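Engineer: with the sequence up front, the predicted model follows.
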Amino acid sequence: MVTYKCFNCEKVVKQDYLKKKIRCPYCGSKILFKPRTVSSKVEAK
């Protein structure tokens with residue numbers, strides 16, 4: 001399941017809510033983004 005984060009209040013917004021409205025249910029902001037996972041790089045020796 002894809003989750004989005006509000007750019008304004010930084011709370012997690014589930015994709016199920018976004019099918020109804022494209023706004024944050026907590027603060028009403030229209031700017032949402034998908035947080036990326038942190039990846040670690042491994043060096044070959």
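Structural biologist: All right, it came through fine.
Engineer: going by C-alpha atoms from here, please, whenever you check contacts or count neighbours.
Structural biologist: Fine.
Engineer: avg pLDDT for stretch 38-45?
Structural biologist: Here stretch 38-45 scores 77 as its mean pLDDT.
Engineer: could you list the residues in contact with that stretch?
Structural biologist: The contact list for stretch 38-45, computed with Cα atoms under 8 Å, 6 or more residues apart in numbering, is empty.
Engineer: and it, what's buried?
Structural biologist: Judged by neighbour count using 16 or more other Cα atoms under 10 Å, stretch 38-45 contains no buried positions.
Engineer: just stretch 22-34 next, same as before
Structural biologist: By 16+ other Cα under 10 Å, the buried positions in stretch 22-34 come out as Arg23, Cys24, Pro25, Leu32.
Engineer: how far is that stretch from where the chain is centred?
Structural biologist: Taking Cα atoms, centre = their mean, to the nearest Å, one finds stretch 22-34 lying 9 Å from the centre of the chain it belongs to.
Engineer: what's the span of that stretch from first residue to last?
Structural biologist: Across stretch 22-34, the terminal residues are separated by 14 Å (Cα to Cα, to the nearest Å).
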